[in-house]
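Asker: Here is a sequence together with a model predicted from it:
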Amino acid sequence: MKKIGVIAVLFILLSLAACQAQPETEPETKVVIYEFYGKGCPHCTKLNKWIEQIKPKYPQLEVVQHEVYRNETSRKLFQKMAKAYGKKAGGVPSIFIGEQNIVGFSPEMGEEIEAEILKCIEALCTSPLEKLKQAG
């Protein structure tokens, strides 16, 4: 009889240990970049290679790409997004991240983009699409 009681207590303790609540992990902050590029644009190609290199470093990074040379819908979106940022759609590549619009690409601009990524990870930046919606 004692053995059954001991086994029952052990079973209950093991069950409680197995059912112990796992600590909730905080969801990662998603950082969204909208990139407008042109097929054949050499600076756009450099930017895209750079993005592919840093993506593994920032798993929360989501890059939404739109080709504007041959795609009228993407070109119109580029114009609307630029307007939402208080800019005119101009050259490519043009990226929108947080409150920033960065046009062109060089290693120095890569550092600027990466600084914005880090800022948005820490400070929850508004996504460019949300900013566009707010602009109406």
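Answerer: Good, I have the coordinates.
Asker: all contacts plus neighbour counts: C-alpha atoms, from now on.
Answerer: Fine.
Asker: any idea where the strands of this protein begin and end?
Answerer: According to DSSP state E, the chain carries its strands in the segments 31-37, 61-67, 94-97, 100-103.
Asker: separation between the residue nearest to Pro93 when sequence neighbours are not counted and Pro59?
Answerer: Nearest residue to Pro93, sequence neighbours excluded (C-alpha to C-alpha, 6 or more residues apart in numbering): Tyr37, at 4.6 Å. Distance, Tyr37 to Pro59, by C-alpha to C-alpha, to the nearest Å: 22 Å.
Asker: who has more neighbours, the two?
Answerer: A count of neighbours by other C-alpha atoms under 10 Å puts Tyr37 above the other of Tyr37 and Pro59, at 27 against 12.
Asker: list the contacts for the more buried one?
Answerer: Contact analysis of Tyr37 by C-alpha atoms under 8 Å, 6 or more residues apart in numbering lists 44, 65-69, 92-94.
Asker: Out of those, which comes closest to Ser127?
Answerer: Comparing these against Ser127 with C-alpha to C-alpha places Gln65 closest, at 13.9 Å.
Asker: give the contact list for the nearest residue to the closest one once chain neighbours are set aside.
Answerer: Leaving out its chain neighbours, the residue that sits closest to Gln65 by C-alpha to C-alpha, 6+ apart is Glu35, at 4.8 Å. For Glu35, the contacting residues are 63-66, 93-96, by C-alpha under 8 Å, 6+ apart.
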